[in-house]
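A.B. asks: here is my input; please provide its structure:
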Amino acid sequence: MTVYESDLPGVGKKHEIDLPDGSQLVVVTHNEGRREVFQRPTPDADSEKLFELPDDLARQVGTILEGAYFQPVESKSVETLLGGDTLLEWVEIDADSPVAGQTLGEADLRQETGASVVAIERGDAVMPSPGSDTTIEAGDTLVVVGSREAYKAFESQVIDGAESDDGPDGG
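C.D. replies: As a prediction, this is how the structure comes out:
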């Protein structure tokens, strides 16, 4: 997928996203937050406006599209690239995970892997910014941020308890 970004002086930013069918999705983000979404059937065609959203609704729709509220069951791995090599990833904790029953502080995952737990999904509840005294339970989904390398080390440690050479202290 290719995403083109350009400045629109006095207006905001424009992002053009190539779609698999050869068309382009064009998102114009205005400086006041409003988003306009257009579709261009071919690169040379004129854009057709699909809809417009205010800032708060655009942000909510964005989180739905990235899977923050629901992840398809068939997907074993959902990764969101935040920029550079930084990923946002969801990791489900099985009952046999070596970190199930430990607090985040006891598991020491950030120090061991370089990836940070930024939220925990437990049932219908979401715990943002969990503290080191938060216990990881079987069935929890950990929302993790880190580099691709740090994420691999994190996943390996959480799933099978493997010490990794990929963490910040490894090598």
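
A.B. asks: what residues are up against the closest residue to Gln24 other than its chain neighbours?
C.D. replies: With CB to CB, 6 or more residues apart in numbering as the criterion, Gln24 has its nearest non-adjacent residue at 4.3 Å, and that residue is Arg40. In this view, the C-beta of every residue, glycine as well, is placed from N, C-alpha and C. Arg40 makes contacts with 16, 23-26, 46-48, as judged by CB atoms under 8 Å, 6 or more residues apart in numbering.

A.B. asks: and the next helix or strand past the worst-scoring helix or strand of the chain on mean pLDDT?
C.D. replies: The helix or strand of the chain with the lowest confidence, counting by mean pLDDT, DSSP states H and E, is strand 79-83 at a mean of 66. Note on strand 79-83: by DSSP states H and E, the next helix or strand toward the C-terminus is strand 86-92.

A.B. asks: are any of the contacts of Arg40 buried, and which?
C.D. replies: 16, 24-26, 47 (16 or more other CB atoms under 10 Å).

A.B. asks: just the ones of those in strands?
C.D. replies: Of the buried ones among the contacts of Arg40, the ones assigned to strands by DSSP state E are 16, 24-26.
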